[in-house]
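**Q** kindly return the folded structure for what I paste below:
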Amino acid sequence: MQDQVLILADKGIIDTSFIGLDSTPISANTTLNNPKSFSRDKFKKETVPTNDSDCKIGVHSASNQINVRKYNFYWGYKNHVLVDCISGLPIAELTTTANVADSTVALSILADTHSFLPITECSFLADKGYDTKAIYN
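**A** Numbers count the residues shown, from 1 in each chain. Just a heads-up that it's a prediction; the model follows:
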């Protein structure tokens, strides 16, 4: 992926002056994610799905409204994607287990990207999951 991004950057298709980072949940293929499953302990950390023992329990906010608190638990992973906001093309991606907070991934994905493509003095766009002092610093 890095080679393709560098080729697109050389051609002027990817511009790193305005970048964005977000994550999306990836549900594991397990019966514990089935809403019709009536297992009492299906969202406890100790209950590990037998067909995907690597996945972890995560929570996904189902609403962006301030006064509405709706969220869903799921077993699975998260895909964190850094994009060029002008072209909409991905620059880097990282897949983690669902229990990893977005803010803990941001600095590493930005540093990894900067190692092969300079992203200094860029405008950075992210949602409230990345709103931490460490990222601002």
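**Q** now the host helix or strand of residue 5 - C-alpha only, PDB.
**A** Element membership for residue 5, per DSSP states H and E: helix 2-10. Taking C-alpha atoms only, helix 2-10 is exported to PDB below (Å, rounded to 0.1, in the frame of the first residue of the first chain):
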ATOM      1  CA  GLN A   2       2.900   2.400   0.800                       C
ATOM      2  CA  ASP A   3       4.300   2.000  -2.700                       C
ATOM      3  CA  GLN A   4       0.900   2.800  -4.300                       C
ATOM      4  CA  VAL A   5       0.500   5.900  -2.000                       C
ATOM      5  CA  LEU A   6       4.000   7.100  -2.900                       C
ATOM      6  CA  ILE A   7       3.200   6.800  -6.600                       C
ATOM      7  CA  LEU A   8       0.000   8.700  -6.200                       C
ATOM      8  CA  ALA A   9       1.700  11.400  -4.200                       C
ATOM      9  CA  ASP A  10       4.400  11.800  -6.900                       C
END
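**Q** now the element after that helix, going C-ward?
**A** Going down the chain from helix 2-10, the next helix or strand is strand 18-27, by DSSP H and E.
**Q** quickly run through the sheet partners of that following strand, with directions.
**A** Strand pairing for strand 18-27, using DSSP bridges, gives strand 71-84 (antiparallel), strand 123-126 (parallel).
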